[in-house]
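Peer 1: Build me a structure from this.
(3 chains)
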Amino acid sequence: MASARIHVSMQSKYDRVVLLVDMDCFFCQVEEKQHPEYRNRPLAVVQYNPWRGGGIIAVNYAARAKGVTRHMRGDEAKDLCPEIVLCQVPNIREKADTSKYRDAGKEVANVLQRFTKLLERASVDEAYLDITETVNHRMQQMQSGAFALQPQELVNTFAVGYPNIGDFVNKITNRFANPYMDDERFQMSYDQNDLPAVRQSDIRLLIGASVAGEVRAAVKKETGYECSAGIAHNKILAKLAAGMNKPNKQTILPLAETASFFDSLPVGKIKGLGGKFGEVVCETLGIKFMGQVVKFTEVELQRKFDEKNGTWLFNISRGIDMEAVTPRFYSKSIGCCKKFPGRNNITGLKTLQHWLGELSSEINDRLEKDFIENNRRAKQMVVQYVQDIDGEEVASSRSTALKDYDQESIVRFSLDLIKANTKTFLRPGSESALNNAIK
DNA sequence: CATTTTGACGCT
DNA sequence: AGCGTCAAA
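Peer 2: Prediction:
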């Protein structure tokens, strides 16, 4: 099958203007909106709370100032910040149910959607917007005098490499007064074919920032939620920029600043390099920073990694990312899961059936809601589970095609899949004990 | 016993 | 098809 990633084909690598909109400590904001009395207080969202106060999955900025972080238990947060409000993810069917936050994320996406057809939801609280068309239109209006940037649209706007946004605007203004000011450097640094886009890059990103300001104002006005945004020529850079200034701020990553910025940017900050592959890249190349990758040729990188990853690294290290913003509003899959650590391991058939029932019930509700909203039905179901086999964690997944289904059939299908996949499902000699505990 | 619960995508 | 990786709250 062809790769799922679609790449843009266009005259230049710098023609697009892409936004990444990221909600600030989103689950906390959802709780603060629901409970106005919690506003302006340190707050965190936890899942479950009997064991050491629950696990923290979101922390607002007042609580971060006290040293509270994700990963901590609720009790640790209380130690650091006794006045903190700990909101629990709702427990429905004896498990954490994050539907409330999915619904809130959809509410935000409904606002974002009005600004472009090219909206790609990247997670419950993040979306990429390709606003190239709007920027092109405003460029034309600007040339005819029908549109002008208003400074008040750029409050809370930053540009990487500039101490404040005013300096960035001044530079662009000076360039209008003297169009050949930067041109010698542009001609030395970029491909001939890219020069028209390079010459317009800064002003187009600045217009993009004004659009981003409007997007964020609309989200705030219509949902009450605050967000941060990155403005750049592609997804990787927009995502990177969005994290530079938070909360409730937006950041431009100017084309000409990318190289010097990358010189001190740890490799792992780039989306896709935050895990094992990023570690391998650093060890293999003997480097720490993104800018150090440019010292290697594309062929060298392909030899050290593989053809695809080598080319990807070569381009990304130069700030080039041709991956398209692929329109997608609804998720491709709907799933739920629960862990059963330690003494909660599922060891008996009855318990397994019970939890398959709970999970199937949630899935069934969400599939029904999805059918009503989006008029689609699930075609396939996948059961995933982790077993304890001789003290080792062994993950498995099995799938089956779905035609008609309801909660009962989902339970039956999932149990059948697990049974069919397990040589010794029940412990020999027992009617009810699983041979391998499910974690 | 202990982040957990999601979701997308790449490799083989 | 099944497994693994990466990322977000």
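Peer 1: So, low pLDDT: which residues of chain A?
Peer 2: Across chain A, the stretches falling below the confidence threshold (pLDDT under 70) are A:1-3, A:10.
Peer 1: List, one by one, the residues from it near DNA strand B.
Peer 2: Contact residues, chain A versus DNA strand B (C-beta under 7 Å from any atom of the strand): A:3-5, A:47-48, A:51, A:55-57, A:70-71, A:95-98, A:102, A:124, A:306, A:308-309, A:326, A:328, A:331-339, A:341-344, A:362. For every residue, glycine as well, the C-beta is placed using N, CA and C.
Peer 1: Going by neighbour count, which of these are buried?
Peer 2: Applying a neighbour-count criterion of 16 or more other C-beta atoms under 10 Å, the buried members of the residues of chain A next to DNA strand B are A:47, A:55-57, A:95-98, A:102, A:124, A:309, A:336, A:362.
Peer 1: one step back: against DNA strand C, which of the residues of chain A next to DNA strand B make the cut? List them.
Peer 2: Near DNA strand C, taking C-beta under 7 Å from any atom of the strand as the test, the members of those found are A:57, A:70, A:124.
Peer 1: which among those gets closest to residue A:317?
Peer 2: Sorting those by distance to residue A:317 puts residue A:70 at the head of the list, at 29.3 Å, by C-beta to C-beta.
Peer 1: Could you find the closest non-adjacent residue to that closest one?
Peer 2: Nearest residue to residue A:70, sequence neighbours excluded (C-beta to C-beta, 6 or more residues apart in numbering): residue A:56, at 5.5 Å.
Peer 1: do the same with residue A:379
Peer 2: In space, not counting the residues next to it along the chain, residue A:379 is nearest to residue A:402; the distance is 5.9 Å by C-beta to C-beta, 6+ apart.
Peer 1: Walking through the stretch 51-200 of chain A, point out its helices one by one.
Peer 2: Counting by DSSP state H, counting those that start in this stretch, the segments of the stretch 51-200 of chain A that form helices are A:61-64, A:74-80, A:99-113, A:132-143, A:165-177, A:183-189, A:195-223.
Peer 1: Present the ones you listed as JSON lines; the columns should include distance to residue A:371.
Peer 2: Shown next, in JSON lines, are these (distance: least, C-beta to C-beta, whole Å):
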{"stretch": "helix A:61-64", "distance to residue A:371": "39"}
{"stretch": "helix A:74-80", "distance to residue A:371": "37"}
{"stretch": "helix A:99-113", "distance to residue A:371": "15"}
{"stretch": "helix A:132-143", "distance to residue A:371": "33"}
{"stretch": "helix A:165-177", "distance to residue A:371": "47"}
{"stretch": "helix A:183-189", "distance to residue A:371": "53"}
{"stretch": "helix A:195-223", "distance to residue A:371": "25"}
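Peer 1: out of those, nearest to residue A:277?
Peer 2: Between the helices of the stretch 51-200 of chain A, helix A:99-113 lies closest to residue A:277; by C-beta to C-beta that is 27.8 Å.
Peer 1: now that closest one: how far from the chain's centre is it?
Peer 2: Counting by C-alpha atoms, centre = their mean, to the nearest Å, helix A:99-113 is centred 14 Å from the centre of its parent chain.
Peer 1: Between helix A:195-223 and it, find me the angle.
Peer 2: 130 degrees (axes from the mean of the first three to the mean of the last three C-alpha atoms, to 10 degrees).
Peer 1: residues making contact with helix A:99-113?
Peer 2: The contact list for helix A:99-113, computed with C-beta atoms under 8 Å, 6 or more residues apart in numbering, reads A:21, A:23, A:26-27, A:30, A:33, A:89-90, A:92, A:119, A:121, A:124-125, A:127, A:129, A:215, A:218-219, A:222-223, A:225, A:227, A:329, A:366.
Peer 1: So which bits of that helix are buried?
Peer 2: Within helix A:99-113, the residues that qualify as buried by neighbour count (16+ other C-beta under 10 Å) are A:101, A:102, A:104, A:105, A:108, A:109, A:111, A:112, A:113.
Peer 1: Kindly report the same for stretch A:410-425.
Peer 2: Taking 16+ other C-beta under 10 Å as the basis for neighbour counts, the residues of stretch A:410-425 that come out buried are A:410, A:411, A:413, A:414, A:415, A:417, A:418, A:422.
Peer 1: Centroid-wise, who is the farthest residue in chain A?
Peer 2: The C-alpha centroid of chain A is most remote from residue A:429, which lies 48.8 Å away (C-alpha atoms, centre = their mean).
Peer 1: Helix, strand, or coil at that one?
Peer 2: coil (DSSP: H, G, I helix; E, B strand; the rest coil).
Peer 1: Now it: phi and psi?
Peer 2: phi 90, psi 0 (degrees, to the nearest 10).
Peer 1: how close does it sit to residue A:435?
Peer 2: When distances are taken as C-beta to C-beta, to the nearest Å, residue A:429 and residue A:435 turn out to be 11 Å apart.
Peer 1: Then residue A:75?
Peer 2: With C-beta to C-beta as the criterion, residue A:75 and residue A:435 are 37 Å apart.
Peer 1: now the angle from the helix or strand where residue A:44 lies to helix A:99-113?
Peer 2: Using DSSP states H and E, the element containing residue A:44 is strand A:43-47. An angle of 120 degrees separates the directions of strand A:43-47 and helix A:99-113 when computed by the same axes, to 10 degrees.
Peer 1: Report the residue ranges of every domain in chain A.
Peer 2: Partitioning chain A according to the TED database yields domains covering residues A:11-24+A:101-263, A:26-90, A:265-322, A:342-438.
Peer 1: Which residue is the nearest non-sequential neighbour of the residue in the stretch 51-200 of chain A that DNA strand C sits nearest to?
Peer 2: Proximity to DNA strand C, evaluated over the stretch 51-200 of chain A using C-beta to the nearest atom of the strand, is greatest for residue A:58 at 3.5 Å. Nearest non-adjacent residue to residue A:58, counting by C-beta to C-beta, 6+ apart: residue A:27, 3.8 Å away.
Peer 1: For the one you found, give me phi and psi.
Peer 2: Phi and psi for residue A:27, reported as degrees, to the nearest 10, are phi -60, psi -30.
Peer 1: roughly how far apart are it and DNA strand C?
Peer 2: If you measure residue A:27 against DNA strand C using C-beta to the nearest atom of the strand, to the nearest Å, the figure is 4 Å.
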